[in-house]
Each structure stands twice: as C-alpha cells, then as structure tokens.
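J.: This is the structure alone, sequence omitted:
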C-alpha cells in the first residue's frame, strides 16, 4: 500500500534543476520533490506521496497522523525493508538484523576455524 505520509522538511536544495528536500517521517528520512509546493520552507510539514510533497500541513496534524501510523504499524509497512517484511510474512526471522553481537547459535556464518600451529614441545620442570 502507498500512503500519503506527513513529514517535516529538514533541508532544501536543488538536484538536476529540481527543488528537492530531505524530509523526516517520524525518524525515517527520504528525499522528496518540492515542485508542487515551491514555497515550502525548512521546518514546515507537508503530506508526501510517492516522493512528491503535495500539500502543506500544520505541525499538530502531522504529529497526530505520524503517531497513529506508527501505532498501526503503517510506517514500517510504508518505509520498512520489503525483504525483511517478506521474511516476517513467511514466518522466518530476518537474517540480516543490525545486531552487532548476534547469537553464534543462530548466525549464518560459521565460527572461523582456529589457526593451525606447529606442535609445541612440552617443557619438563
């Protein structure tokens, strides 16, 4: 499903002659075209659909909508990784989690083999 999601403009620039902005959607940042709202300014909110800012929105309405979408899991559906979502829908864990210290019992890569060393001579006391 493609939603029209409110987002806050973080910065504005130009890319290949098109007015573009970095927009924050409740923690997810995306590049958005501002051609339909040429007077939109940094700090303002807009409703964005398929990468285009379509309508200016007041801050309170934007925050309420983002909170509702988050509660319903719609932000993850809209902005989440489609491969991760497919794995979850299939009942499998996502193997590429951003866990810096994965459980070795469930890691995809086996533990590295110990380095081979020459036998050491036993020293008698």
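T.: Okay, I see it. Model, not experiment: these values are computed from the prediction.
J.: Tell me how many other residues surround residue 30.
T.: Using other CB atoms under 10 Å, residue 30 is surrounded by 14 other residues. No exception for glycine: its C-beta is placed from N, CA and C like everyone else's.
J.: can you offset everything so residue one is 28?
T.: Done: numbering now begins at 28, and the last item shifts to residue 57.
J.: Report whether the expected contact of it with residue 35 is present.
T.: No: in this structure residue 57 lies outside contact range of residue 35 using CB atoms under 8 Å: 11.6 Å.
J.: list residues touching both of the two?
T.: Residues touching both residue 57 and residue 35 (CB atoms under 8 Å, 6 or more residues apart in numbering): residue 50.
J.: the helices in the protein, which residues?
T.: 86-98, 101-106, 109-116 (DSSP state H).
J.: Show me what counts as buried in the longest one.
T.: Of all the residues in helix 86-98, those buried under the rule 16 or more other CB atoms under 10 Å are 89, 92, 93, 96.
J.: how close does the last one sit to residue 52?
T.: Counting by CB to CB, to the nearest Å, the gap from residue 96 to residue 52 is 9 Å.
J.: Residue 60 too?
T.: Distance from residue 60 to residue 52, by CB to CB: 15 Å.
J.: So for those two, which sits in the more crowded spot?
T.: Neighbours were counted for residue 60 and for residue 52 using other CB under 10 Å; residue 52 has more, 21 against 17.
J.: I'd say that one and residue 33 touch.
T.: Yes: counting by CB under 8 Å, residue 33 is a contact partner of residue 52 at 7.5 Å.
J.: still on that earlier bit, dump the buried residues of helix 86-98 into CSV; add distance to residue 44 as well.
T.: Formatted as CSV, the buried residues of helix 86-98 follow (distance: CB to CB, whole Å):
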residue, distance to residue 44
89, 28
92, 31
93, 31
96, 32
